[in-house]
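K.L.:
Quick one, fold the following:
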Amino acid sequence: MNSRPPSRPRAGFTLLELIMALAASAVILAAIYGVFSRAVHLRAEAMIHARTAGLRLRAAALLRDDLRHALLSGSQAPTPVAATLLGSAQAPGSSFPGYLRFTTTTGRDLDDTPIADVQRVEYYIVDDPEATDRQAGLLVRTVDRAILAQTAEAPREEPLLHGLERMEVEFYDGTAWQAAWEFTATDPTLPQAVRVRLYPTPAAPGQTVAPIEILVPWTTQSFTTT
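P.N.:
Below is the predicted model:
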């Protein structure tokens, strides 16, 4: 009888092959981790940009709504409920440029609740408590609904937008833009348009950031009772 030759055991992986396989697996896992980490980072950045854009749109919409519903009754009226319009390049008590104060009606509160009463609003920038340096400011809005109150109370500052370096307020008189305006009894003239520019703080020195611009043609007319 013919006897079969004894079967030889199959050769296994050598140590070198195992090391090469482990090295290739490590490279693949590192590449997958890098892609995943980058995707998570991009997603986080996209969420931050979307949130910032939403806050900017909301602040601009609130300011625009206040300006569109501005009301001035004239300081000659028996009860000058709405007789405030003041804009300047520097806010009192603030190191950040830009100040705006006026009376408005049918505006909206921060929670988007319609406000029908006449109210006096202010816009200016204060130190941002969330900023790591003093170059970034916080845009705030104050609302005073008790205009005729015997005892004036300091209105609460409502935070609107972080990360601003300045606010620029200008008024169009029909010929040129003016950096300041005040509605008074001796000069009850109103501008034809109001323009507000909010300048975000650059993320890096020398970086240019486009301002947030709110331009409202002002059709508001002053009402004076004689």
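K.L.:
only C-alpha atoms for contact and neighbour calcs from this point on.
P.N.:
OK.
K.L.:
in this structure, what secondary structure element scores lowest on mean pLDDT?
P.N.:
strand 107-108 (a mean of 62; mean pLDDT, DSSP states H and E).
K.L.:
low-confidence ranges in this protein?
P.N.:
Scanning the chain for pLDDT under 70 picks out 1-13, 44, 48, 73-83, 106-116, 133-134, 147-152, 185, 219-226.
K.L.:
Longest strand in it, please.
P.N.:
strand 157-172 (DSSP state E).
K.L.:
As a check, name the ranges of all helices in the chain.
P.N.:
With DSSP state H as the criterion, the chain has helices at 15-68.
K.L.:
Pull the number of nearby residues for residue 69.
P.N.:
Residue 69: 17 surrounding residues under other CA atoms under 10 Å.
K.L.:
Pull up the pairing partners for the longest strand of the chain, direction included.
P.N.:
Sheet pairing of strand 157-172 (DSSP bridges) gives strand 137-144 (antiparallel), strand 177-178 (antiparallel), strand 193-200 (antiparallel).
K.L.:
Mind putting these into JSON lines with mean neighbour count?
P.N.:
Formatted as JSON lines, the strands paired with strand 157-172 follow (neighbours: other CA atoms under 10 Å):
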{"stretch": "strand 137-144", "mean neighbour count": "21"}
{"stretch": "strand 177-178", "mean neighbour count": "16"}
{"stretch": "strand 193-200", "mean neighbour count": "20"}
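K.L.:
Nearest to residue 39, out of those strands?
P.N.:
Of all these, strand 193-200 sits nearest to residue 39, with 26.9 Å by CA to CA.
K.L.:
tell me the angle of that closest one relative to helix 15-68?
P.N.:
Angle, strand 193-200 to helix 15-68, by axes from the mean of the first three to the mean of the last three CA atoms, to 10 degrees: 160 degrees.
K.L.:
what about dumping the CA coordinates of strand 193-200 to CSV?
P.N.:
Extracted in CSV, the C-alpha atoms of strand 193-200 (Å, rounded to 0.1, in the frame of the first residue of the first chain):
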residue,chain,number,x,y,z
ALA,A,193,-32.9,108.5,8.6
VAL,A,194,-31.0,106.8,11.5
ARG,A,195,-28.1,104.5,10.9
VAL,A,196,-26.5,102.3,13.6
ARG,A,197,-23.4,100.2,13.0
LEU,A,198,-22.2,97.6,15.5
TYR,A,199,-18.6,96.6,15.2
PRO,A,200,-17.6,93.1,16.4
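K.L.:
What is the distance between that strand and the centre of its chain?
P.N.:
12 Å (CA atoms, centre = their mean, to the nearest Å).
K.L.:
How about residues contacting that strand?
P.N.:
With CA atoms under 8 Å, 6 or more residues apart in numbering as the test, strand 193-200 has contacts from 67, 136, 163-173, 209-219.
K.L.:
which of those residues are buried?
P.N.:
Buried residues within the contacts of strand 193-200, counting neighbours by 16 or more other CA atoms under 10 Å: 67, 136, 163-172, 211, 214, 216, 218.
K.L.:
one step back: mind putting the strands paired with strand 157-172 into a markdown table with distance to residue 100?
P.N.:
As requested, the strands paired with strand 157-172 are exported to a markdown table (distance: least, CA to CA, whole Å):
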| stretch | distance to residue 100 |
| --- | --- |
| strand 137-144 | 10 |
| strand 177-178 | 13 |
| strand 193-200 | 9 |
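K.L.:
so which of those strands gets nearest residue 117?
P.N.:
Across the strands paired with strand 157-172, residue 117 has its closest neighbour in strand 137-144 (10.4 Å, CA to CA).
K.L.:
contact partners of that closest one?
P.N.:
With contact meaning CA under 8 Å, 6+ apart, strand 137-144 is reached by 96, 119-128, 131, 155-166.
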